[in-house]
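Trainee: With the input below, show me the fold.
(one chain, ligands or ions: 3)
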Amino acid sequence: GGWLGLLGGGQLGRMFCHAAQSMGYRVAVLDPIADCPAGAVADLHIRAGYDDEAGLAQLAERCSAVTTEFENVPAASLEQLALRCQVSPAAGAVAIAQDRIAEKGYIASIGVPVAPYAEIRSEADIDAASASLYPGILKAARLGYDGKGQARVESAEQARAAFASFGSVPCVLEARLPLEFEVSVVVARGFDGEVVTYPVSENVHRDGILAISTVPSPRASEDIVRRARAAALQVAAGLEYCGVLCVEFFVLPGERLIVNEIAPRPHNSGHYSIDACVTSQFEQQVRVLAGQPLGSSDPLAASVMLNILGDIWFQAGEQAAEPAWGRALQAPTAKLHLYGKTEARRGRKMGHVTCLGADRVQAERSAAQVATALGISYP
Ligand code: ATP
Ligand code: MG
Ligand code: MG
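Mentor: Numbering: from 1, shown residues only. Ligands and ions are numbered 1, 2, ... in the order given. Model (predicted):
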């Protein structure tokens, strides 16, 4: 028993609460938003900003250990908490993961390939950047998610315009690569260095937002799976990471594997682990925080996870209408997860469905049935 603390009250925090509570822990969530997804299920919701001193003090007083579900939490807040209770992941690891310049520099420094890129802090940096980075993507170094804070650019002129439109904040200019497909690996690492990796998930994005995760990956060879898991371990070990981390990869022609980015927390592409693995990524986060041994990450079934975005509330028109979940649940191996968000908006993550199968083909069949029932496109 005891109290565990969480910075951030989104859906990742909500699923953390479920995992913690089922193991007998109580959870205090710090988030400024009254009706945030985790606030509704937490044992205590401290309504305060992520840098609010009184809120942070209250969290530290209540909890022996604190984690984050939100990578944009100020690293300074984690440092402040660390003076009074155990904090994982450490501020230093989060500071790297939340800044693309630091992140790419770190990953390249441990010998793991990243996309060719240039650091952009001024127009002069754009002028000095190699022409080989076009066609490229300009990405704000901080605060982006779901493809926000990114612009596709064909030339230095377009890059300068995009840089200005972002308010001239620090950015990376990245070469646009010929992706064959994308995969990710979730890693859990304990305080004593004990570590597990999850099965490789193959991820399809639409408009910069994760749409589908399939495990086992249909296209990754055994060699890619082995190298992706090894690279993810290397990333975690080099950060002396404590907690759950996700590494996103691009697979390029010739089975070239490069890291896209890392997330210092459980990840949308790891949600399948709730229903399809011995230990979910959220339970692993609880175990690390509570100083318990890690559980097995072994799969119990093949799975296809479909994200449920707010878009499907608007299929009948401008008036939001809740989908008929019963139609999706006619697929008997479909597991529905809704995050308790009251307002549906296009592009907003409202929930997900994990479709299980004895093998991948069966999971895909179930996913096709669910997708048809919900009006989600599935290849
Ligand atoms: P997330 O929600 O995963 O944090 P994000 O906003 O950080 O998203 P990225 O992961 O950088 O965005 O990019 C989103 C998607 O855009 C990638 O998964 C990939 O499909 C595409 N993409 C990003 N960078 C490149 C690139 N260099 N070349 C080709 N496609 C890319
Ligand atoms: Mg990201
Ligand atoms: Mg990403």
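Trainee: Only alpha carbons, please: show the host helix or strand of V286 as CSV.
Mentor: Element membership for V286, per DSSP states H and E: helix 281-290. Below are the C-alpha coordinates for helix 281-290, written out as CSV (Å, rounded to 0.1, in the frame of the first residue of the first chain):
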residue,chain,number,x,y,z
GLN,A,281,3.2,-0.9,-19.3
PHE,A,282,1.3,1.0,-16.5
GLU,A,283,1.7,-1.8,-14.0
GLN,A,284,5.4,-1.7,-14.8
GLN,A,285,5.5,2.0,-14.1
VAL,A,286,3.8,1.3,-10.7
ARG,A,287,6.2,-1.5,-9.9
VAL,A,288,9.3,0.7,-10.6
LEU,A,289,7.8,3.5,-8.5
ALA,A,290,7.0,1.2,-5.7
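Trainee: So which other helices or strands are in contact with that helix?
Mentor: Packing contacts for helix 281-290, counted by 3 or more Cβ pairs under 8 Å, 6 or more residues apart in numbering; DSSP states H and E, involve strand 3-7, helix 11-22, strand 65-68, strand 181-189, strand 243-252, helix 272-276. Where C-beta positions appear, they are placed from N, C-alpha and C, glycine not excepted.
Trainee: quick check: angle from it to helix 11-22?
Mentor: 70 degrees (axes from the mean of the first three to the mean of the last three Cα atoms, to 10 degrees).
Trainee: after helix 281-290, next one along is what?
Mentor: strand 302-309.
Trainee: how about the helices in the stretch 51-200 of the chain?
Mentor: 53-62, 75-82, 91-97, 100-109, 123-128, 156-165 (DSSP state H, counting those that start in this stretch).
Trainee: list the buried ones in the third one?
Mentor: Neighbour-count burial for helix 91-97, counted by 16 or more other Cβ atoms under 10 Å, picks out 91, 93-97.
Trainee: Same question for the fifth one.
Mentor: Using 16+ other Cβ under 10 Å as the test for burial, helix 123-128 gives 125-126.
Trainee: Report the rounded mean pLDDT for it.
Mentor: Averaging pLDDT along helix 123-128 gives 97.
Trainee: how about the residues of this protein near ligand 1?
Mentor: 115, 137, 139, 144-148, 174, 176-177, 179, 182, 205, 208, 248, 260-261 (Cβ under 6 Å from any ligand atom).
Trainee: For the residue in the stretch 201-350 of the chain positioned nearest to ligand 1, which non-adjacent residue is spatially closest?
Mentor: Closest residue of the stretch 201-350 of the chain to ligand 1, Cβ to the nearest ligand atom: H205 (4.3 Å). The shortest distance from H205 to any non-neighbouring residue, by Cβ to Cβ, 6 or more residues apart in numbering, is to A211 (6.2 Å).
Trainee: what helix or strand is that neighbour on?
Mentor: Per DSSP H and E: strand 209-215 holds A211.
Trainee: Can you check what angle separates whichever helix or strand comes after that strand from strand 181-189?
Mentor: Counting by DSSP H and E, the next helix or strand C-terminal to strand 209-215 is helix 222-238. Per the same axes, to 10 degrees, the angle that helix 222-238 makes with strand 181-189 is 40 degrees.
Trainee: So what angle separates the directions of helix 222-238 and helix 100-109?
Mentor: 110 degrees.
Trainee: Format the CA atom coordinates belonging to helix 222-238 as CSV.
Mentor: Output in CSV follows, covering the C-alpha atoms of helix 222-238 (Å, rounded to 0.1, in the frame of the first residue of the first chain):
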residue,chain,number,x,y,z
GLU,A,222,13.5,-11.1,-36.6
ASP,A,223,16.6,-9.1,-37.1
ILE,A,224,14.8,-5.7,-36.9
VAL,A,225,13.0,-6.9,-33.8
ARG,A,226,16.3,-7.9,-32.2
ARG,A,227,18.0,-4.6,-33.1
ALA,A,228,15.1,-2.4,-32.1
ARG,A,229,14.9,-4.1,-28.6
ALA,A,230,18.7,-3.8,-28.3
ALA,A,231,18.7,-0.1,-29.3
ALA,A,232,15.8,0.7,-26.8
LEU,A,233,17.8,-1.0,-24.0
GLN,A,234,20.9,1.1,-25.0
VAL,A,235,18.9,4.3,-24.9
ALA,A,236,17.4,3.4,-21.4
ALA,A,237,20.8,2.3,-20.0
GLY,A,238,22.6,5.4,-21.2
